[in-house]
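K.L.:
Could you look at this predicted model? Sequence included:
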Amino acid sequence: MTRHRQATPKPSSELRRDFRKAVNMTASQLRAWLVTPESKEVGFTYEGEHESVGHASGRKIIKMLTGGRFDEAHARKVIGYVHRHLAQRPAGDVSQTRWRYSLMNWGHDPLKRGRL
């Protein structure tokens, strides 16, 4: 039987830094994005829900960016999502793709310079 070591949680300051690297949109940019039709049309939605997981994540991220409680568990989800999806970048122009729109729901615009 193989035992797996659990990852040691990152200290809060390191986690916050990694979160800010992954989230390259400001709260106002993300807020404006989340009201667009493109934002609402992408992502996985659980049966019976009206909002995708990523869209709901974007609302949580706005709260975290504007001084709300820093949710460490959610920050880890955001960092993981952004890193996984950046590794799956499609070829060609991604400016109007579901891939980009989904990342933007999670606070990361891959066309924006800076961070990551």
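P.N.:
Sure thing, it's come through.
K.L.:
F70 is in contact with M64, isn't it?
P.N.:
Yes: with contact defined as C-beta atoms under 8 Å, F70 counts as touching M64 (5.6 Å). (Each C-beta comes from the backbone N, C-alpha and C, glycine too.)
K.L.:
of the two, who's got more company?
P.N.:
M64 (21 against 14; other C-beta atoms under 10 Å).
K.L.:
what's the one helix or strand that one maps to in contact with?
P.N.:
Taking DSSP states H and E as the criterion, M64 maps to helix 53-65. The contact list for helix 53-65, computed with C-beta atoms under 8 Å, 6 or more residues apart in numbering, reads 19, 23, 26-27, 30-31, 33-34, 39-40, 42-46, 69-71, 74-75, 77-78, 81, 102, 104-107.
K.L.:
From those, which land in helices?
P.N.:
19, 27, 30-31, 33-34, 39-40, 74-75, 77-78, 81, 102, 104-105 (DSSP state H).
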